[in-house]
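Peer 1: Show me the folded form of this:
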Amino acid sequence: MSETIRVLVADDHMIVREGLRLILETEAGIELVGEAADGAQAVALVAELKPDVVLMDLRMPVMDGIAAIERIHQEQPDVAVVILTTYNEDDLMVSGLRAGARGYLLKDASRATLFAAIRAAAHGETLLSPEILDRLLTRMGAGQERLPTGGKVELTEREQEVLEAVSRGERSKEIAYRLGISERTIKAHLSSIYNKLGVDSRAAAIAVAARKGLLSEGSISGDP
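Peer 2: Presented below is the predicted three-dimensional model:
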């Protein structure tokens with residue numbers, strides 16, 4: 001990834017795209033490289049422009065955000081997708097997480113939160129604030145769409161340490177330095193954790209781990 005974070009915005013509302021464009025243009029180190037008005041266009045532009053981060057709306061014509069996230073996650077797994085969401089879209093959040101989104105950003109988020117979320121996503125970090133996670137878990141508990149939970153999960157002591165660190169928003173490089181092991185080893189632990197939890201992303205791992213009671217109280221990071 002270059003020093004400048006390249007961002008693509010996918011939202012069918014022109015006013016949202018224009019607003020984000022004006023905001024992103026004010027921040028050094030972040031460049032808006034494309035805009036999509038529907039999911040199909042987003043998939044095509046991601047393949048063409050290779051952005052670092054995609055800000056993805058969920059409710060769009062032609063191809064919705066969930067389907068677009070699935071395609072991007074399959075075809076361009078290095079591209080970080082962050083869902084642009086509102087409070088009345090809880091029923092789609094879990095589906096977006098399962099599809100491969102790295103996290104969520106509320107459409108009324110502050111500039112500081114937006115910039116921090118983009119940078120965190122670009123560096124491979126998870127974007128699940130306690131507020132969002134609480135709503136997801138409440139939704140799953142009510143019998144709505146569910147993340148895979150399976151049976152009892154047995155994590156090694158090191159895997160537990162890595163999982164806790166990820167839930168606090170630490171980067172792989174930071175975890176590796178603190179634990180005195182290589183980034184490659186951290187990736188191997190994450191791969192094992194994903195396999196045991198039946199997920200394929202940090203965000204999904206945190207949500208499922210929280211659901212299973214595998215995270216210590218207060219371990220999940222706050223706003224990105």
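Peer 1: My guess is I23 contacts L114. True?
Peer 2: Yes: contact criterion C-beta atoms under 8 Å: I23 and L114 qualify, at 6.6 Å. Bear in mind the C-beta positions are built from the backbone N, C-alpha and C, glycine included.
Peer 1: More neighbours: the two, which one.
Peer 2: L114 (23 against 14; other C-beta atoms under 10 Å).
Peer 1: what pLDDT does D91 get?
Peer 2: Model confidence at D91, given as pLDDT, is 66.
Peer 1: what sits against L215?
Peer 2: 163-164, 167, 206, 209 (C-beta atoms under 8 Å, 6 or more residues apart in numbering).
Peer 1: Off-centre distance for the longest helix anywhere in the chain?
Peer 2: In terms of residue count, the longest helix belonging to the chain (DSSP state H) is helix 183-197. Relative to its parent chain, helix 183-197 has a centroid offset of 17 Å by C-alpha atoms, centre = their mean, to the nearest Å.
Peer 1: helices and strands around that helix, which ones?
Peer 2: helix 157-167, helix 172-179, helix 202-211 (3 or more C-beta pairs under 8 Å, 6 or more residues apart in numbering; DSSP states H and E).
Peer 1: Where among the ones you listed is average confidence lowest?
Peer 2: Among those, helix 202-211 scores lowest, with a mean of 80.
Peer 1: Can I get it in CSV, CA atoms only?
Peer 2: In CSV, the C-alpha atoms belonging to helix 202-211 read as follows (Å, rounded to 0.1, in the frame of the first residue of the first chain):
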residue,chain,number,x,y,z
ARG,A,202,-11.1,-9.9,11.9
ALA,A,203,-14.5,-8.2,12.3
ALA,A,204,-16.3,-11.6,12.1
ALA,A,205,-13.8,-13.2,14.5
ILE,A,206,-14.4,-10.5,17.1
ALA,A,207,-18.2,-10.7,16.8
VAL,A,208,-18.3,-14.5,17.0
ALA,A,209,-15.7,-14.5,19.9
ALA,A,210,-17.8,-12.0,21.8
ARG,A,211,-20.9,-14.1,21.2
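Peer 1: thinking A122 is in contact with A80, fair?
Peer 2: Yes: using C-beta under 8 Å, A122 is in contact with A80, at 6.1 Å.
Peer 1: between the two, which one's more packed in?
Peer 2: A80 (30 against 23).
Peer 1: What does the pLDDT read for the nearest residue to the more buried one once chain neighbours are set aside?
Peer 2: Nearest non-adjacent residue to A80, counting by C-beta to C-beta, 6 or more residues apart in numbering: A121, 3.9 Å away. Note for A121: predicted pLDDT of 85.
Peer 1: got the residue ranges for the helices in the protein?
Peer 2: Going by DSSP H, the chain shows helices at 14-24, 39-49, 65-75, 90-99, 111-122, 130-141, 157-167, 172-179, 183-197, 202-211.
Peer 1: before we move on, the earlier item: quick check: buried residues in the longest helix of the chain?
Peer 2: Using 16 or more other C-beta atoms under 10 Å as the test for burial, helix 183-197 gives 185-186, 189-190, 193-194, 196-197.
Peer 1: neighbouring contacts of that helix?
Peer 2: Helix 183-197 has contacts (C-beta under 8 Å, 6+ apart) with 148, 150, 153-156, 158-159, 162-163, 166, 172-173, 175-176, 179, 200-202, 204-205, 208-209, 212.
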